[in-house]
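**Q** Got a sequence here, can you model it:
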Amino acid sequence: MNTRRTVASGQALDVSLLFAPFPEALKTGNIVTSSATSLPGCAWLNAKSIISVDPEQGSVGGAALLALDKMGITGQLKPKIFPVR
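**A** Below is the predicted model:
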């Protein structure tokens with residue numbers, strides 16, 4: 001199940017990284033809109049592990065890595081990133 005459907009169905013996730021637009025997930029009321037933060041605002045370097053869609057399996061994985069590249073922290077995080085297929 002993709003993240004948007006997981007969130008929309010009300011299943012629990014510790015942290016969800018959603019790329020806009022995501023109105024269908026917001027309509028469900030399962031997202032606390034005040035909890036949203038931008039990628040640069042997150043404490044990525046303090047994370048113990050990061051799960052991401054395998055870039056070879058889906059474009060969202062590539063987009064996540066591109067975002068980390070733009071922040072200049074991909075090299076530091078690479079050992080913590082675990083791709084999901």
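
**Q** so where's the longest helix in the protein?
**A** helix 59-71 (DSSP state H).

**Q** what comes into contact with the helix or strand following that one?
**A** As assigned by DSSP states H and E, the chain's next helix or strand after helix 59-71 is helix 74-77. The contact list for helix 74-77 (CB atoms under 8 Å, 6 or more residues apart in numbering) reads 44, 45, 47, 50, 65, 68. Backbone N, C-alpha and C define where each C-beta goes, glycine included.

**Q** Put together TSV for those, with distance to residue 78, neighbour count and pLDDT on each row.
**A** Shown next, in TSV, are the contacts of helix 74-77 (distance: CB to CB, whole Å; neighbours: other CB atoms under 10 Å; pLDDT from 0 to 100):
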residue	distance to residue 78	neighbour count	pLDDT
44	12	17	83
45	12	10	87
47	12	12	85
50	10	17	86
65	9	18	85
68	9	20	86
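
**Q** Any chance of those in a markdown table with distance to residue 75 as columns?
**A** Shown next, in a markdown table, are these (distance: CB to CB, whole Å):
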| residue | distance to residue 75 |
| --- | --- |
| 44 | 12 |
| 45 | 11 |
| 47 | 15 |
| 50 | 13 |
| 65 | 11 |
| 68 | 9 |
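
**Q** Please, where are all the strands along this structure?
**A** 50-53, 81-84 (DSSP state E).

**Q** before we move on, the earlier item: among the contacts of helix 74-77, which pair sits farthest apart?
**A** Largest separation among the contacts of helix 74-77 by CB to CB: 45 and 65, giving 15.8 Å.

**Q** returning to what we had before: tell me the one of the contacts of helix 74-77 nearest residue 10?
**A** residue 50 (23.7 Å).

**Q** Below-threshold pLDDT in the protein: ranges please.
**A** For the chain, the stretches with pLDDT under 70 are 1-4, 7, 12-22, 39-42.

**Q** domain parsing for it?
**A** Per automatic domain parsing, the structural domains of the chain span 1-36, 38-85.

**Q** For the last one, what is the distance to the chain centroid?
**A** Computed by CA atoms, centre = their mean, to the nearest Å, the chain-centroid distance of domain 38-85 equals 8 Å.
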